[in-house]
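A.B. asks: Task: produce atomic coordinates for the following.
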Amino acid sequence: MAEKSKKITVLYVDDEENNLMSFKATFRLKYQVLTAISGAKALEIVRQTPVDIIITDQRMPEMTGVEFLEEIIKIDPEPMRILLTGYTDMAAVVDAVNKGKIFHYLNKPWSEEELDQTIQRAYELYAERKQILETYSKLEVSNEQLEFLLRQKLLS
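C.D. replies: So this is what the prediction gives:
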């Protein structure tokens with residue numbers, strides 16, 4: 001779970017300003033909400049600000065949600081990714097899973113409760129994965145230290 005002192009940082013990307021305002025109004029008290037009106041603006045945000053969860057609309061001009069998520073992976077593969085769309089486009093869903101490596105797919109209009117639960121589950125997995133990577137990193141350092149000590153013992 002999230003630490004009490006730190007709000008989960010959620011970036012919501014949609015080309016419809018009303019959706020951005022609605023999302024921010026709904027979730028601003030619970031999460032640190034960042035919004036972007038385009039994939040390009042969202043990429044700028046991710047380059048400058050650590051983000052835990054990214055939620056993006058699929059159908060946007062200039063860059064689809066899947067294309068945006070592919071670019072995000074190149075910049076920072078850590079944030080959990082959620083695709084939102086008002087259209088049932090199976091090709092987009094398949095691309096989102098395969099190329100955008102999404103955590104979850106939701107239909108618009110979104111249900112506040114369902115979206116909130118999805119964000120919570122995504123963050124739990126995000127935090128768990130981070131913990132595992134930190135533990136793995138510590139184990140690698142310990143292993144290197146043990147190998148060094150063993151070499152020293154063998155040489156003496």
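A.B. asks: Centre of the chain to the longest helix along the chain, how far?
C.D. replies: In the chain, with assignment by DSSP state H, the single longest helix is helix 112-155. How far helix 112-155 lies from its chain's middle: 18 Å, per CA atoms, centre = their mean, to the nearest Å.
A.B. asks: what mean pLDDT does that helix have?
C.D. replies: Averaging pLDDT along helix 112-155 yields 87.
A.B. asks: do the same with stretch 64-82
C.D. replies: Per-residue pLDDT over stretch 64-82 has a mean of 93.
A.B. asks: Can you list the buried residues in it?
C.D. replies: Of the residues in stretch 64-82, 64-72, 79-82 count as buried by neighbour count, 16 or more other CB atoms under 10 Å. Yep, even glycine has a C-beta here, placed from its N, CA and C like the rest.
A.B. asks: returning to that earlier point: who are the packing partners of the longest helix of the chain?
C.D. replies: On a contact count with 3 or more CB pairs under 8 Å, 6 or more residues apart in numbering; DSSP states H and E, helix 112-155 meets helix 17-27, strand 53-57, strand 80-85, strand 104-107.
A.B. asks: of all those, which gets the most neighbours per residue?
C.D. replies: strand 53-57 (a mean of 26; mean count of other CB atoms under 10 Å).
A.B. asks: Touching that one from outside, list them.
C.D. replies: 8-16, 19, 23, 39, 42, 46, 65, 68-69, 72, 79-86, 108, 115, 119, 122-123, 126 (CB atoms under 8 Å, 6 or more residues apart in numbering).
A.B. asks: Same question for stretch 118-135.
C.D. replies: For stretch 118-135, using CB under 8 Å, 6+ apart, the contacting residues are 1-2, 8, 10, 27, 31, 52-53, 55, 78-80, 82, 103-104, 106.
A.B. asks: Which of these sits closest to residue 156?
C.D. replies: If you rank these by distance to residue 156 using CB to CB, residue 78 comes first, at 42.9 Å.
A.B. asks: For that closest one, give me its contacts.
C.D. replies: Residues near residue 78 by CB under 8 Å, 6+ apart: 126, 130.
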